[in-house]
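Student: Show me how the following folds:
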Amino acid sequence: MIPGGGQPNMQQLLQQAQKMQQDLARAQEELAQTEVDGQAGGGLVKATVTGSGEIRNLVIDPKAVDPEDTETLADLVVAAIQAANENAQALQQQKLGPLAQGLGGGGMPGLPF
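Tutor: Purely as a prediction, here's the structure:
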């Protein structure tokens, strides 16, 4: 039972929602600044993306470059980027997952998160 006639304290709810929104914004900023790597071909191709999925760097070992077989190189590039993005998604889940749970899993109606 909630004291004071059964009505939730709206001021307290708004403060909690505002704090969660600030925590979410802070976590998203951290993700945008954090870099994660992915690789393919035993490290022949390495991709670096931010925690929010923005590609920052791509390194291709000269051994991976065969002018007669550019298709394999393209596959390695795609695989390295996918691996980096999977790592970024894991980081997102780690950073944002607890915040989403704090919002009851689906956020609060009327709030932008």
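Student: Give me the most central residue, this protein.
Tutor: residue 92 (3.0 Å; Cα atoms, centre = their mean).
Student: can you tell me the helix or strand for that one?
Tutor: helix 70-102 (DSSP states H and E).
Student: centre of the chain versus that helix, how much separation?
Tutor: 8 Å (Cα atoms, centre = their mean, to the nearest Å).
Student: tell me which residues in that helix are buried?
Tutor: Buried residues in helix 70-102, counted by 16 or more other Cβ atoms under 10 Å: 73, 76-77, 79-81, 83-85, 87-88, 91-92, 95-96, 99. (C-beta placed from N, C-alpha, C; glycine too.)
Student: Pick out the most distant pair among the residues you listed.
Tutor: 73 and 99 (39.2 Å; Cβ to Cβ).
Student: surely the residue nearest to the centre of the chain meets residue 52?
Tutor: Yes: counting by Cβ atoms under 8 Å, residue 92 does reach residue 52; the two are 7.5 Å apart.
Student: No more questions from me, cheers.
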